[in-house]
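S.K.: I'll drop the sequence and a predicted model, then ask my questions.
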Amino acid sequence: MSVAVDSPMTAKDYVKAIHVFTEKNPQPNVISVKLGPRAGKAEIATRVRLADTQTVTAICEMSDGSFWSDHVEVIITLGACLEDNLI
């Protein structure tokens, strides 16, 4: 999974943080990353295991105090996050 924000990343206009959430996973907060103007690019990438088909939402906090968000529906054909009762 990757998240990129179209931002000039200057001292006055930059992305302060990127947060990614899932709708149905046992741990809905996937990742939170703080950024600053010296980051160069407002872009993160990581691997994510999803339990089921669901919406993944990214929320970006900007240096001016505004928040931007986007979401995508991810279709899972074989789930990775299974909580089976092992007895």
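M.R.: Looks like it arrived, so ask away. Residues are numbered from 1 along each chain as shown.
S.K.: partner residues bridging residue 43?
M.R.: residue 4 (DSSP bridges).
S.K.: how many other residues sit next to it?
M.R.: 16 (other Cβ atoms under 10 Å). Heads up, the C-betas are built off the backbone N, CA and C, glycines and all.
S.K.: ok, it touching residue 3?
M.R.: Yes. If you go by Cβ atoms under 8 Å, residue 43 and residue 3 touch, sitting 6.9 Å apart.
S.K.: Please look at residue 29 and residue 48 and confirm they touch.
M.R.: No. Assessed by Cβ under 8 Å, residue 29 is found out of contact with residue 48, at 11.6 Å.
S.K.: Mutual contacts of these two, please.
M.R.: Common neighbours of residue 29 and residue 48 (criterion: Cβ atoms under 8 Å, 6 or more residues apart in numbering): residue 20.
S.K.: tell me the secondary structure for the nearest residue to residue 16 once chain neighbours are set aside?
M.R.: Distances taken as Cβ to Cβ, 6 or more residues apart in numbering place residue 61 nearest to residue 16, at 4.5 Å, with adjacent residues excluded. Counting by DSSP: H, G, I helix; E, B strand; the rest coil, the backbone at residue 61 sits in strand.
S.K.: about what we covered before: who's more crowded, residue 29 and residue 48?
M.R.: residue 48 (14 against 10).
S.K.: Not counting sequence-adjacent ones, nearest residue to that one?
M.R.: Residue 48 sits nearest to residue 1 (Cβ to Cβ, 6+ apart), 4.8 Å away.
S.K.: Next, work out how far apart that neighbour and residue 37 are.
M.R.: 24 Å (Cβ to Cβ, to the nearest Å).
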